[in-house]
Structure formats: C-alpha cells, structure tokens
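Q: Quick one, fold the following:
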Amino acid sequence: MKKILFRKIAGLIGLWMAAMPVVQAGTEEGGQPAEEGYAFKPAALILPVSLIAVGVAGTVIDGMNDFHLFRRSDAVRSFEVDNYMEWGMLGWVFLCDLTGKGKHSVVDQLILLTLAEGMNAGMVHGLKKVINTPRPDGKPYAFPSGHTANAFLGAHLAWKEFKDSNPVLAYSGYAAAAAVAGMRLYKNRHWVADVVAGAGFGILSVELSCLIYFSIRQAIARSADRKAANRLVIAPAFHEGGGGLYLSLCF
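A: Just a heads-up that it's a prediction; the model follows:
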C-alpha cells in the first residue's frame, strides 16, 4: 500500500514539475525576461548637461553673449534651408529605417520622438520666454536655439537606434544637425551659446524620453507577466482514496 501511494505521489510530483515550464513561459533561467530591457546609464546625461552648462555660461557671463562667428548688423534672409531642416531632422530616424535596421520598431520610435519633442518644446520655449535674451539681429528670444534643439533631437534619436548596426547612419544625423546650427549663426539669428545649449536640450530630450518610455513599458510587462503566472495554478492533491492533480485557471 505504501509503495502504491509512493508511486502515486511521485507521479503527481512529476506531472506538477512538467507543468512548471507552462507557468514560467516567456522567461529565461533565473526568472529574467527573455528580451533584454532598457538600462538607463547616468553617463548618457554628461554630454547634454555639459552643452547646456556651456551655453548658460556663455549667456550669463558678461561679454560672452556678445560673441558670434559671423559679424554683421542684419540677418541673412536669402535662404530658408535651416527652417526646413529643423523639422525634417525630426524624421531622420524614419529615413534611416529605409536603409538600415534600428533597435526598435517604428511605433516605438514614433512614441519616443513624440515624448522627446514634447519635452524639448516645453524646455526650449519656456526658457526663451523666461530668459528673453536679444538675438544678434536685435530680435527677442535668442536662448536657446529651437532650430538647433530640434535638429539634434532627431540626430540623437537616430544615433541611439543605429549606433550598433550602422554607424554611418548613426553619425550622419549629427553632421546635418551641425549644419543647421551653423546656418543659424550665419544668418545672424543666434549667438554661439544659443546653439550649443540648443544641441544639449535636443540630446537631453531624447535621453529623458527613453528613460520614461522604457521604464513604463517594462513596468507594464512585469505586471502582465505576474498576472499571467497567477492565472494558472497546477498542484498535486491528495486524499484518503488516492490523489490527483489540482488545476485552476482564471479567465
């Protein structure tokens, strides 16, 4: 009798152990997600914060805000390429998608771009109104450069998506963004400090959008995994007449 009961218990435990992979589906050994998640690196903030700090210093220190590369008394109105490139650079990552493979889907890229542009617009235009420094041509709202911020936002998002798979695509956006900054200086619309800080705000917006978006997505995924694991319960059941398998599935 004891041998029969032992065999039944052993068989039930075997069934229970066999059912365990169903409960743990979608995870690797150690319970880690099968797909590596986004890991925020504080070092990624060094570059944008440094650029913003240099721009701020160049604006607030007496005499520094008088420095610009192209000295003239009026603005150049003969071309508007920088105005088109400002917004065109926001789609740079999608242009790169046509010839390369980014880290994330187009949907993820669109969400990241939307979050980054929202934060970028809030920071840049908020500071423009608060600080209200005059431009080289005498007009208001010089600091920071919105054109440069948008251009570097698009360039940095493309860099993060393609830096591992296609370095040429990854770095090409920075060249285009630097061209936008140069045109803003040439057209006498900004001081050097304005475009330096603008580049910093554009890069910072992308880093913050990645931190916010992937943190939320990973939290939702972990919550869904826990709920999925708790939906199915499989365990051995014993009683005086024998044993069996207890299974509970919540819909």
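Q: got any ranges where this structure has weak pLDDT?
A: 1-38, 62-79, 224-251 (pLDDT under 70).
Q: For it, which segments count as helices?
A: 2-23, 46-60, 81-88, 92-97, 106-131, 146-162, 167-186, 192-231 (DSSP state H).
Q: Mind checking the ones you listed for the one nearest to Pro140?
A: helix 106-131 (8.2 Å; C-beta to C-beta). C-beta: built from backbone N, CA, C; applies to glycine.
Q: elements contacting the closest one?
A: With contacts taken as 3 or more C-beta pairs under 8 Å, 6 or more residues apart in numbering; DSSP states H and E, helix 106-131 sits against helix 92-97, helix 146-162, helix 192-231.
Q: try 6 Å this time
A: helix 146-162, helix 192-231 (3 or more C-beta pairs under 6 Å, 6 or more residues apart in numbering; DSSP states H and E).
Q: Please identify the most buried of the helices of the chain.
A: Among the helices of the chain, the stretch with the highest mean neighbour count (mean count of other C-beta atoms under 10 Å) is helix 146-162, at a mean of 28.
Q: May I have it exported as PDB, CA atoms only?
A: Extracted C-alpha coordinates of helix 146-162, given in PDB (Å, rounded to 0.1, in the frame of the first residue of the first chain):
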ATOM      1  CA  GLY A 146      15.000  75.900 -31.100                       C
ATOM      2  CA  HIS A 147      16.100  75.000 -34.600                       C
ATOM      3  CA  THR A 148      19.300  73.500 -33.200                       C
ATOM      4  CA  ALA A 149      17.400  71.700 -30.500                       C
ATOM      5  CA  ASN A 150      15.000  70.000 -32.900                       C
ATOM      6  CA  ALA A 151      17.900  69.100 -35.300                       C
ATOM      7  CA  PHE A 152      20.000  67.400 -32.600                       C
ATOM      8  CA  LEU A 153      16.900  65.700 -31.200                       C
ATOM      9  CA  GLY A 154      16.300  64.000 -34.500                       C
ATOM     10  CA  ALA A 155      20.000  63.200 -34.900                       C
ATOM     11  CA  HIS A 156      20.500  61.800 -31.400                       C
ATOM     12  CA  LEU A 157      17.400  59.500 -31.700                       C
ATOM     13  CA  ALA A 158      18.800  58.100 -34.900                       C
ATOM     14  CA  TRP A 159      22.200  57.600 -33.300                       C
ATOM     15  CA  LYS A 160      20.600  55.600 -30.400                       C
ATOM     16  CA  GLU A 161      18.700  53.400 -32.900                       C
ATOM     17  CA  PHE A 162      21.600  52.700 -35.300                       C
END
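Q: Show me the contact partners of that helix.
A: Contact partners of helix 146-162, identified using C-beta atoms under 6 Å, 6 or more residues apart in numbering, comprise 82, 86, 89-90, 92-93, 96, 100, 102-103, 116, 120, 124, 169-170, 173-174, 177, 180-181, 184, 195, 198-199, 201-203, 205-206.
Q: between it and helix 167-186, how big is the angle?
A: Angle between the axes of helix 146-162 and helix 167-186 is 170 degrees (criterion: axes from the mean of the first three to the mean of the last three C-alpha atoms, to 10 degrees).
Q: tilt between helix 146-162 and helix 46-60?
A: Helix 146-162 runs at 170 degrees relative to helix 46-60, counting by the same axes, to 10 degrees.
Q: what comes into contact with stretch 39-56?
A: Defining contact as C-beta under 6 Å, 6+ apart, one finds that stretch 39-56 is touched by 193, 196-197, 199-200, 203-204, 207, 211.
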